[in-house]
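Peer 1: Sequence first, then the predicted structure:
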Amino acid sequence: MLVQSKPYRTIWPHPEQQEVVQIIDQRLLPHEFVIVDLRTVEDFARAIKEMYVRGAGLIGATAGFGMYAAALHSRDDHFDQDMRDFAATLVATRPTARNLAWAVERQLAALKDLSSSAAKRTRSFAVACEIADEDAAFCKEIGRHGVEIIREISRRKEGAPVNILTHCNAGWLAFVDYGSATAPIYEAQAQGIDLHVWVDETRPWLQGARLTTWELKEQGVPHTLIADNTGGHLMQHGLVDLVLVGTDRTTSCGDVANKIGTYLKALAAFDNKVPFYVALPSSTFDWQICDGVKNIPIEERSGNEVNQVSGLSAAGLTTVTISPNQTRAANYSFDVTPARLVTGLITERGITKADKESILALYPEKR
Ligand code: MRU
């Protein structure tokens, strides 16, 4: 997507040094645009854990390239053991997004039958690039399918702006390109459909206030930032036509883990008969589990993210404390929206109801 009219992805191999991978440091956005070089597995693990990169798709793509770094740094005489150790380091960084383990497993499976470490290194670079390219291609397809939902609402409203509420950042910054929840929005914009996006600020890390606003501004999509608890009020007053969010892990029965607060939006949407759609590439499905509330691991991050807030002051990027000293803060990073509250899932293969049979009808190879 565009940054100051120049196209970017969120992760790419260094154009001159193939052993280096480059990312945008999302901790500094929207105030500073800084590109960071990653070389070692530790660099990749730190980038994921400390959220230089974040969002399920991008976490997966970063893990894919992290496994390439692992292949470069594995010893010839202990290659497979080193790879397994590096894989464990990467998988331990963040627990909820399924794409992370999916990318690591895909790399290990692709290298399994190759005999020389040189062949494994070459293959792991190709697989990392495949994972990234596929993520971008799948998001583009999500846009192609999802735009039909927006077009239908626009038709019903006789061309008046379609108001879409989104939570967190499921934009191109959360993937390699296009985004999941934003792909239908960008496609609708390209097709000339009038729309407007309500952006939840998304406490505590403020992915909405810092990232979604930035990327919508860069793409010229009309939007308004709202405090997290505003959505219910807007829905009661007919000011939301569609809730469109991403997901970090979706079960085979259609339960959806996404950024903390998503469940409350789904409840408000249900109460107000506002359609609630979730956009995801298939790399986000966890085919092994059905009950998401019971079985999806929910990341708990440092309470400092709740007790403090960062932003731009006259002195530059600054962090300030907003609660009394030593306040204990709980920071559950995700929640689970049960399938019964989800109107539909928008995938790269099409739109499906959020139930096991319908999902498997789209992915029959997972039966
Ligand atoms: O903690 P984050 O910023 O990695 O969480 C991101 C989200 O919850 C997004 O909404 C989610 O990844 C869905 S889009 C990939």
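Peer 2: It's in.

Peer 1: dump the residue contacts of the residue of the chain found nearest the ligand.
Peer 2: Closest to the ligand within the chain is Gly246: 2.5 Å, counting by Cβ to the nearest ligand atom. Backbone N, C-alpha and C define where each C-beta goes, glycine included. By Cβ atoms under 8 Å, 6 or more residues apart in numbering, the contact list for Gly246 reads Gly55, Ala56, Cys168, Ala170, Ala174, Gly179, Ser180, Ala181, Asn258, Val278, Ala279, Leu280.

Peer 1: Name the residues of the stretch 251-367 of the chain found near the ligand, please.
Peer 2: Residues of the stretch 251-367 of the chain lying near the ligand by Cβ under 6 Å from any ligand atom: Asn258, Lys259, Ser333.

Peer 1: Name the single longest helix found in the chain.
Peer 2: helix 117-156 (DSSP state H).

Peer 1: I'd like the residues of the stretch 251-367 of the chain next to the ligand written out as JSON lines, with secondary structure added.
Peer 2: Shown next, in JSON lines, are those (DSSP: H, G, I helix; E, B strand; the rest coil):
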{"residue": "Asn258", "secondary structure": "strand"}
{"residue": "Lys259", "secondary structure": "strand"}
{"residue": "Ser333", "secondary structure": "coil"}
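
Peer 1: so how far is Gly159 from His223?
Peer 2: For His223, the distance to Gly159 equals 19 Å [Cβ to Cβ, to the nearest Å].

Peer 1: Could you do Ser252 as well?
Peer 2: 39 Å.

Peer 1: more neighbours, those two?
Peer 2: Ser252 (18 against 10; other Cβ atoms under 10 Å).

Peer 1: Read off the pLDDT value for the closest residue to the more buried one other than its chain neighbours.
Peer 2: Distances taken as Cβ to Cβ, 6 or more residues apart in numbering put Trp287 closest to Ser252, at 5.1 Å, once the chain neighbours are dropped. Note for Trp287: predicted pLDDT of 98.

Peer 1: right, and Trp287 touches Lys366 too?
Peer 2: Yes: using Cβ atoms under 8 Å, Trp287 is in contact with Lys366, at 5.1 Å.

Peer 1: what does the domain assignment say about this structure?
Peer 2: 2-134, 146-366 (automatic domain parsing).

Peer 1: Let me have those domains in TSV, extended by distance to Lys140.
Peer 2: Shown next, in TSV, are these (distance: least, Cβ to Cβ, whole Å):
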stretch	distance to Lys140
domain 2-134	11
domain 146-366	5
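
Peer 1: just to revisit the earlier point, and the next helix or strand past the longest helix of the chain?
Peer 2: strand 162-166 (DSSP states H and E).

Peer 1: Check which helices and strands that next one sits against.
Peer 2: helix 117-156, helix 182-190, strand 195-200, helix 231-236, strand 242-245 (3 or more Cβ pairs under 8 Å, 6 or more residues apart in numbering; DSSP states H and E).

Peer 1: Just confirm yes or no for it near the ligand.
Peer 2: No: figure legend: strand 162-166 not in contact with the ligand (Cβ under 6 Å from any ligand atom); closest approach 8.5 Å.
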